[in-house]
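**Q** here is the input, now give the coordinates:
(one chain, ligands or ions: 3)
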Amino acid sequence: MLEAPATAIFSIFYSVFCTGFLCQFREFRGSGLSPEALLATGDWLGSEQIRFLRYHMKRTAGTFVIHSLLPLVYLLSLSYISVTMDLSHPSLHHYWQESPLVYNSLLLSLLLPITALTLLWYWSRDDWLQHPFSSPLLAYSSSLPSLAADIDTQFRRIDKICLRTSPLQQLVVTDSWLILVGAWPWSLRICQQSEVALQLVGSDHHVISTEGELGGTQYLTIQVTSRRAEVAPFTFRLNSLEYQNLQDRLDSTIHNARNVQVYKTVSERFVEVFKEQVSGNPRAEHTGELEPCIGCMTEPSNVKLQRVCPSSSPAPPGVDPPAESCVNCYCRPMWCIDCMAKWFASRQDQSSPETWLGSRCPCPTCRSKFCVLDVCLLS
Ligand SMILES: [Zn+2]
Ligand SMILES: [Zn+2]
Ligand SMILES: [Zn+2]
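**A** Ligands and ions are numbered 1, 2, ... in the order given. Okay, the predicted model is just below:
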């Protein structure tokens, strides 16, 4: 059997680690492997609640230094593992002598943290006035300390909202400011609420949700344009469930010129998933006049409940029959698919939407239990 050298295994492990760490996957953040958690040791960061801007200046500068260390740590560990575990050379000195590429890269990678630390020192001068965050702030006031104090005060109020727009980005909306902060020192975007126009420019669906939400997640892309010429427009992505929350906090309305459909609630999104599932079910025969749906009174009724799922077929001997099974319903079609989906959603456990699609619900008229497989569109 061919054995992989320890350096190769380490390289794979390290690249996975770096991807997770740089992108801040949930597992990394959850287990405290975030720049914030590392920087918080020794209380260097201070409190976000008390000094919002200072906290993020330090956080982004610190993150920059931590990221700059990653190549150096890799090359040092690689050299060490190669000598001690793969026994490629008698000592580190020999290894570096015979691998000039590693040695030179090591020297080069030393420059990164030195540069980052020098920048951090430079930024921190004059009470952090030199930090790159200052340049977007200068568009609003030439006296940065008083502007910073104003933003800090507004951030302390309970009616501000903080939305995590991505693992690396946070949107903060206070009484008069709209602030987007990312991971790095150049990532501050700030606009005065009274001067912005927000526009919904697109949306994308992800079938698999990292948050375990039913029917995946819809992300909206929102563009922020300021009436001040020196403030460049920027965009951010937002989970559609946060849309209403954001809109409520804004003074202006979010324009939706492209008519993007926004699923603001879990139920709205469930209706889409439900309809998709039902469209794959067998059709039901129906002859005769169709009445309007008694839920909305506008659409004609177009679904019939017809038990087709295998839930109540006789259980094999020795196996207990399922506690709950579907029952045949003989009601005539009285509902449209949208209303049926909303009814179905309303009868489920609201705290665990991921179980909805696999659950049962009573027929709105005769109370016979049915599941999503028993909902048939009329042919
Ligand atoms: Zn209806
Ligand atoms: Zn029925
Ligand atoms: Zn069923």
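**Q** and whichever residue of the stretch 151-300 of the chain sits closest to ligand 3, backbone torsions?
**A** Residue of the stretch 151-300 of the chain nearest ligand 3, by C-beta to the ion: residue 281 (10.4 Å). Any C-beta I mention is one placed from the backbone N, CA and C, and that applies to glycine too. Backbone geometry at residue 281, expressed as degrees, to the nearest 10, gives phi -80, psi 160.
**Q** tally up the residues packed near the residue nearest to it when sequence neighbours are not counted, please.
**A** Nearest non-adjacent residue to residue 281, counting by C-beta to C-beta, 6 or more residues apart in numbering: residue 376, 5.5 Å away. Other residues near residue 376 come to 21 when the count uses other C-beta atoms under 10 Å.
**Q** so does the helix or strand where residue 376 lies get close to ligand 3?
**A** Per DSSP states H and E: residue 376 is located in strand 375-377. No - using C-beta under 5 Å from the ion, we find that strand 375-377 stays clear of ligand 3, coming within 9.0 Å at best.
**Q** give me the contact list for that strand.
**A** With contact meaning C-beta atoms under 8 Å, 6 or more residues apart in numbering, strand 375-377 is reached by 274, 278-279, 281-284, 302-306, 308, 337, 340.
**Q** so which of those sit within helices?
**A** 274, 278, 279, 337, 340 (DSSP state H).
**Q** what subset of those is buried?
**A** Using 16 or more other C-beta atoms under 10 Å as the burial test, the ones in helices among the contacts of strand 375-377 include 274, 278, 337, 340 as buried.
**Q** what's the closest non-adjacent residue to the first one?
**A** Meaning residue 274. Distance criterion C-beta to C-beta, 6+ apart; nearest residue to residue 274, sequence neighbours excluded, is residue 341 at 3.9 Å.
**Q** for the second one, same thing?
**A** Taking C-beta to C-beta, 6+ apart as the measure, residue 278 lies nearest to residue 375, with 4.8 Å between them; neighbours along the chain are not counted.
**Q** residue 178 contacts residue 171, doesn't it?
**A** Yes - between residue 178 and residue 171 there is a contact under C-beta atoms under 8 Å: 7.5 Å.
**Q** and the residue nearest to residue 369 when sequence neighbours are not counted, how many neighbours?
**A** Nearest non-adjacent residue to residue 369, counting by C-beta to C-beta, 6+ apart: residue 360, 4.6 Å away. Residues lying near residue 360 (other C-beta under 10 Å) number 19.
**Q** list the contacts for residue 360?
**A** The contact partners of residue 360, by C-beta under 8 Å, 6+ apart, come to 324, 326, 369, 370, 371.
**Q** got phi/psi on residue 361?
**A** Taking degrees, to the nearest 10 as the convention, residue 361 sits at phi -150, psi 150.
**Q** and for residue 331?
**A** Torsion angles, degrees, to the nearest 10, at residue 331: phi -70, psi 150.
**Q** same check on residue 72?
**A** phi -60, psi -50.
**Q** next, the closest residue to it other than its chain neighbours: secondary structure please.
**A** Distances taken as C-beta to C-beta, 6+ apart place residue 109 nearest to residue 72, at 4.4 Å, with adjacent residues excluded. Under DSSP: H, G, I helix; E, B strand; the rest coil, residue 109 falls in the helix class.
**Q** mind checking how far residue 109 is from residue 331?
**A** Residue 109 is 72 Å from residue 331, where distance means C-beta to C-beta, to the nearest Å.
**Q** so for the two, which sits in the more crowded spot?
**A** Neighbour totals were compared for residue 109 and residue 331, and residue 109 leads with 18 against 13 (other C-beta under 10 Å).
**Q** surely the more buried one meets residue 77?
**A** No - counting by C-beta under 8 Å, residue 109 does not reach residue 77; the two are 11.9 Å apart.
**Q** from the ones in helices among the contacts of strand 375-377, pick the one nearest residue 96.
**A** The closest of the ones in helices among the contacts of strand 375-377 to residue 96 turns out to be residue 274 (C-beta to C-beta; 63.1 Å).
**Q** name the element residue 197 belongs to?
**A** Assigned by DSSP H and E, residue 197 falls within strand 196-206.
**Q** could you list the low-pLDDT ranges of the chain?
**A** Applying pLDDT under 70 to the chain flags residues 1-2, 207-216, 312-323.
**Q** what segments of it are strands?
**A** Along the chain, counting by DSSP state E, strands occupy 161-166, 169-173, 177-181, 189-192, 196-206, 217-226, 234-239, 254-255, 303-305, 361-362, 369-370, 375-377.
**Q** residue nearest the centroid of the protein?
**A** residue 166 (4.8 Å; C-alpha atoms, centre = their mean).
**Q** what sits closest to it if chain neighbours are left out?
**A** Nearest to residue 166 is residue 237, by C-beta to C-beta, 6+ apart, at 6.3 Å.
**Q** so that neighbour sits against residue 163, correct?
**A** No - using C-beta under 8 Å, residue 237 is not in contact with residue 163; the gap is 10.4 Å.
**Q** got the residues of the protein near ligand 3?
**A** So the chain meets ligand 3 at 309, 311, 326, 371, 374 (C-beta under 5 Å from the ion).
**Q** by neighbours, which of those wins?
**A** Counting neighbours by other C-beta under 10 Å, residue 374 leads these with 25 neighbours.
**Q** that one against residue 306, yeah?
**A** Yes - using C-beta under 8 Å, residue 374 is in contact with residue 306, at 6.1 Å.
**Q** what do these two both touch?
**A** Shared contacts of residue 374 and residue 306, counting by C-beta under 8 Å, 6+ apart, come down to residue 329.
**Q** so which residues on the stretch 151-300 of the chain come close to ligand 1?
**A** Residues of the stretch 151-300 of the chain found near ligand 1 (C-beta under 5 Å from the ion) are 293, 295, 296, 299.
**Q** among the residues you listed, which two are most distant?
**A** Top of the distance list for these (C-beta to C-beta): 295 and 299, 8.5 Å.
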